[in-house]
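Enquirer: Output the structure for:
(2 chains, ligands or ions: 2)
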Amino acid sequence: MSTQHSRSAARIMIAPATFLLLAWMLIPLCMTLYYSFRRYRLLTPDRQGWVGFRNYENFLTNPAFTSALINTLVLVLGVLIITVVLGILLAILLDQPFKGQGIVRILVIAPFFVMPTVSALVWKNMFMNPVNGLFAYAAKAVGLEPYDFLSQAPLMSIIGIVSWQWLPFATLILLTAIQSLDSEQMEAAEMDGASALNRFWFITLPHLSRAITVVILIQTIFLLSIFAEILVTTNGGPGTASTNLTYLVYAESLLNYDVGEGSAGGVVAIILANIVAIFLMRAIGKNLDA
Amino acid sequence: MGQISLNQVTKSFGDVQVIPPLDLDINEGEFVVFVGPSGCGKSTLLRLIAGLEDTTSGVIKIDDTDATALPPAKRGLAMVFQSYALYPHMSVRKNIAFPLRMAGMDQAAQDAKINAAATALNLTDYLDRRPGQLSGGQRQRVAIGRAIVREPSAFLFDEPLSNLDAALRVGMRLEISELHKKLETTMIYVTHDQVEAMTMADKIVVLQAGVIEQVGSPLELYHKPRNKFVAGFIGSPKMNLIEGAEAEKHGAATIGIRPEHMTVSKSEGTWKGVVGVAEHLGSDTFIHVHETGLMDTMTLRITGDIEARHGDTIFLSPEMDKLHRFDAQGLRLV
Ligand SMILES: Nc1ncnc2c1ncn2[C@@H]1O[C@H](COP(=O)(O)OP(=O)(O)OP(=O)(O)O)[C@@H](O)[C@H]1O
Ligand SMILES: [Mg+2]
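Expert: Ligands and ions are numbered 1, 2, ... in the order given. Presented below is the predicted three-dimensional model:
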């Protein structure tokens, strides 16, 4: 397989795919960079030209930017905490032998197969709606005032919805990790006098550290770009209470018709995502080393 | 401390009874070895004693107190597992310290005990390594160290040497025996290697399908096997078991003669046969003899060497006082 001939043949055969991938990523990136330095408003498309860093200035000084930045971080962090903690608990629970294990496992995974827009709509209309929602019914049944989740606590509601979607993923990865824990290790710890809590803390949790790292890294990538859930539930509001960076970029370019500023926001978002990635790899990346 | 007794203990997994009612007494300071073929319930019995499995019925007493329902940690026993079961993310020091830490011992006392154990087991240079960075023998020693520091009333070993190579196994065998002499603590040791059983044990328990076939000292088992199973299981190469007319001559259903208890001659003897494969070990020679008319292949063990070629005819004579006789049920006749 590694003669000169076969290697060059391999290179030729991979080339189209590599080229396509490169084009797929590079062209949008370059166009975003290009537009971010141009004046390009859809309402006045004829007045175009280079504007230097003006778009960046506008985006970064936009009062919505700070709140979007904070919202993005709160959203990512909140969902991570909820999914990892509940994921560990659920994984431990599902690892216990009980009747109907197979069906319960499939049920737990189910939310992952529901499209984000659909699940957000289901939550918005069937659960959180202050008039017709199930939560409102429940509240009224015990004599409480129905709570309007999406306007009173929009960000928290979205965190709840997104956590519901991502919990299966975390649970699944953590469950497979738990299943690979050597049972003799647990028994040794039991004989060494470790209580159930100590066994969890000293044996199970360290064993799960690598899986938890994987869950955090993968989820962060996807959570930084949450969009559909916000669009169909709150539209980023009230005000900017539930606007994250992705949504702000959308709002700038397609609601304010300012493609230039939107592109600048996109570049800012890329830079921020990389900062988060570097920070994460520094903080927990060492868990991935064998 | 370290006296264990099992009274009518049984264990079933679902409908399958793995251990039928079983009685066993283990005295203080004894080195007891459980041997038996694979799947006969050795590990299960050990785990019952450890408390890692619940008994289906019966009573387990440790030091005269009923321990049947006690959790493993409360029984004062320490176990060394076949897979070592070290905690991979902790250093050797932390591994050994774990039981002490769980017992809430203060740091200074912990350090003293760890250092003593590390010195005794030659682990001082490795205390800051992770288990993954140790050889099999070193891991085994860490596992033993973790058991020692607890000062248990008895040690339980489940095939602790089966993952080691032959040379290391001999070395660790001696180390464990020496440890027993030094600590004088009860040890229960599971193995299917009869050399380990014979060399280490004060008392051997031979198991078959969850039933105790015989309990006794190694030499007792060798010289006076209670039945055909023990006779065939203890000793290497295996005892020759002969049935039929030849056995009836001795008034038994089966007679047994160990390979080392026969003399060989080229001209005369009790039984005649043809030489098959000869295995030369240097000090000993094992000769497989065919066409004796008594059994398929008879094994003969002689000290030193012998001029015997494949296909030669030889004569064998058993030493009559070393002949074992068994009745139709397989029990020993006196
Ligand atoms: N958890 C379990 N569920 C069902 N059957 C079991 C279980 N554990 C053991 N057994 C059965 O009990 C019997 C005894 O098993 P055990 O592990 O005690 O054998 P062993 O003597 O230790 O064998 P080996 O020398 O191969 O380790 C086996 O037939 C095994 O299939
Ligand atoms: Mg076993």
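Enquirer: before we move on, which element is residue A:108 in?
Expert: Element membership of residue A:108, judged by DSSP states H and E, is helix A:101-109.
Enquirer: helices or strands up against that helix?
Expert: In terms of contacts (3 or more Cβ pairs under 8 Å, 6 or more residues apart in numbering or on different chains; DSSP states H and E), helix A:101-109 is packed against helix A:63-95, helix A:154-179. All C-beta atoms are positioned from the backbone trio N, CA, C, and that covers glycine.
Enquirer: could you dump those to CSV with mean pLDDT and distance to residue A:138?
Expert: Below are the helices and strands packed on helix A:101-109 laid out as CSV (pLDDT from 0 to 100; distance: least, Cβ to Cβ, whole Å):
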stretch, mean pLDDT, distance to residue A:138
helix A:63-95, 93, 21
helix A:154-179, 92, 15
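Enquirer: closest to residue B:142 out of those?
Expert: helix A:154-179 (24.4 Å; Cβ to Cβ).
Enquirer: follow-up on the earlier one: any idea how far the helix or strand just after the helix holding residue A:108 is from the middle of the chain?
Expert: Per DSSP H and E, the first helix or strand lying C-terminal to helix A:101-109 is helix A:116-122. Put simply, helix A:116-122 sits 15 Å off its chain's centre (Cα atoms, centre = their mean, to the nearest Å).
Enquirer: Quick one: name the residues of the stretch 1-150 of chain B near ligand 1.
Expert: Residues of the stretch 1-150 of chain B that fall close to ligand 1, judged by Cβ under 6 Å from any ligand atom: B:13, B:18, B:36, B:38, B:39, B:40, B:41, B:42, B:43, B:44.
Enquirer: number of nearby residues for the second one?
Expert: Right, the one you point to is residue B:18. Residue B:18 sits with 19 neighbouring residues when counted by other Cβ atoms under 10 Å in any protein chain shown.
Enquirer: Kindly report the same for residue B:89.
Expert: Neighbours of residue B:89 using other Cβ under 10 Å come to 16.
Enquirer: what does the one 5 residues further on give?
Expert: Counted with other Cβ under 10 Å, the neighbours of residue B:94 add up to 16.
Enquirer: can you pull the contacts of the closest residue to residue A:200 other than its chain neighbours?
Expert: Take residue A:200 and drop its neighbours on the chain: the residue closest to it by Cβ to Cβ, 6 or more residues apart in numbering or on different chains is residue A:92, 7.7 Å away. Residue A:92 makes contact with A:178, A:200, A:204, according to Cβ atoms under 8 Å, 6 or more residues apart in numbering or on different chains.
Enquirer: Nearest residue to residue 257 in space, please, no chain neighbours.
Expert: No chain specified, so I'll use chain A. Residue A:257 sits nearest to residue A:42 (Cβ to Cβ, 6+ apart), 3.8 Å away.
Enquirer: meant chain B actually
Expert: Nearest residue to residue B:257, sequence neighbours excluded (Cβ to Cβ, 6+ apart): residue B:318, at 4.5 Å.
Enquirer: What does that neighbour show for phi and psi?
Expert: phi -70, psi 150 (degrees, to the nearest 10).
Enquirer: these two touch, right, it and residue B:261?
Expert: Yes - contact criterion Cβ atoms under 8 Å: residue B:318 and residue B:261 qualify, at 6.4 Å.
Enquirer: in stretch A:134-150, what counts as buried?
Expert: Residues of stretch A:134-150 classed as buried by neighbour count (16 or more other Cβ atoms under 10 Å in any protein chain shown): A:135, A:136, A:146, A:147, A:148, A:149, A:150.
Enquirer: quick one: average confidence on it?
Expert: Stretch A:134-150 carries an average pLDDT of 84.
Enquirer: ditto for stretch A:215-234
Expert: 90.
Enquirer: again, but for stretch B:175-182
Expert: Mean pLDDT, stretch B:175-182: 92.
Enquirer: so how far is it from its chain's centroid?
Expert: For stretch B:175-182, the separation from the chain centroid amounts to 16 Å (computed by Cα atoms, centre = their mean).
Enquirer: With only the CA atoms kept, save that stretch in PDB.
Expert: C-alpha atoms of stretch B:175-182 as PDB (Å, rounded to 0.1, in the frame of the first residue of the first chain):
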ATOM      1  CA  GLU B 175       6.800 -14.000  48.700                       C
ATOM      2  CA  ILE B 176       3.200 -14.800  49.600                       C
ATOM      3  CA  SER B 177       4.300 -17.800  51.600                       C
ATOM      4  CA  GLU B 178       6.800 -15.700  53.400                       C
ATOM      5  CA  LEU B 179       4.300 -13.000  54.100                       C
ATOM      6  CA  HIS B 180       2.100 -15.700  55.700                       C
ATOM      7  CA  LYS B 181       4.900 -16.900  57.900                       C
ATOM      8  CA  LYS B 182       5.600 -13.400  59.000                       C
END
